[in-house]
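what shape does this take:
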Amino acid sequence: MDENNLSARPELPIRSKEYWRLAARNFSDVRMLVFASLIIALRVAVKMLKIPLAAGLSLSFDCYINSVGSMIYGPLVGLAVGAVSDTLGCLIFPSGPYFFPFIFVEMASSFIFALFLWKRDLSVLRVLAAKFTVNLVCNIIMTSIFYKWMLYVFYGLEDAQGYALINLTRIGKNLVLFPLEAVLITLILGALTPAFRSLHLLPSTQEKLKIEKKHVLLIVLLTAVSVGLVLFYVFFLKDFLSAHNFKLG
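Below is the predicted model of the structure:
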């Protein structure tokens, strides 16, 4: 029986050696490498494709392809796919100066999606948690830190100091897009479930993902919590830190 067949081993603890051994074995699995190459090509192809939703707000497609790929080939191949797709994307579609540390944002997003989705019993709640974590860790925290670092390297200390690590514009964009992106990822993974089952990439017992009322309520709750944290910073924490001469920007 194929060790990489999820129907054979539907769930493994992340902390187990077996989990990481199988994740590493995917580097020698031709089928996984072909699938990873397809994901890389798709991620590079959609780099410049965005749907404008409002002023300064647009919907990109990379996260959907990233979640599908990471669910199939796991966290270690996901790290490699993130690195390769970011490098090729910057070479083919350059936009501004190339700053190497941003590669870790792409790698981390693939890694996080895989930790939530690869060799897991898929559920809508797990997909929502994966996307929420990616938005928080990669899109808000890591991107803000690396962007400030890039400003310092290319434009000097003055521009870097003028950019706040707690960037309300970036946070606001991710809060607005999270519900829509989470729903779309769930729908896409649900639509692909039958095909992946037939290819033995998902266990035969995996049910198709369906969004229910409780999931909608969870999306609203997560968004409300995030908005509450932003408002807490704007109306209380920011003034408190300024009063104590503590700068985050």
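
the residue nearest to residue 129 when sequence neighbours are not counted: how many residues sit nearby?
Counting by Cβ to Cβ, 6 or more residues apart in numbering, residue 116 is the residue found nearest to residue 129 once chain neighbours are left out, at 6.2 Å. C-beta here means a position set from N, CA and C on the backbone, and glycine is covered the same way. Residues near residue 116, counting by other Cβ atoms under 10 Å, number 22.

break down the chain into its strands, ranges please.
50-54, 57-60 (DSSP state E).

tell me which helix or strand of the chain sits lowest on mean pLDDT?
helix 238-243 (a mean of 54; mean pLDDT, DSSP states H and E).

can you tell me which residues contact the closest residue in space to residue 130 that isn't next to it in sequence?
Spatial nearest neighbour of residue 130, excluding adjacent residues (Cβ to Cβ, 6+ apart): residue 116 at 3.5 Å. Residue 116 makes contact with 126-127, 129-130, 133 under the criterion Cβ atoms under 8 Å, 6 or more residues apart in numbering.

if you set the cut-off to 10 Å instead, what comes out?
With contact taken as Cβ atoms under 10 Å, 6 or more residues apart in numbering, residue 116 is in contact with 14, 67, 70-71, 75, 122, 126-134.

report the buried members of those.
67, 70-71, 75, 122, 127-134 (16 or more other Cβ atoms under 10 Å).

and those, which is closest to residue 101?
residue 134 (17.5 Å; Cβ to Cβ).

okay, the closest one: pLDDT?
As predicted, residue 134 sits at a pLDDT of 95.

tell me how far the residue nearest to residue 130 lies from residue 102.
According to Cβ to Cβ, to the nearest Å, residue 116 and residue 102 sit 22 Å apart.
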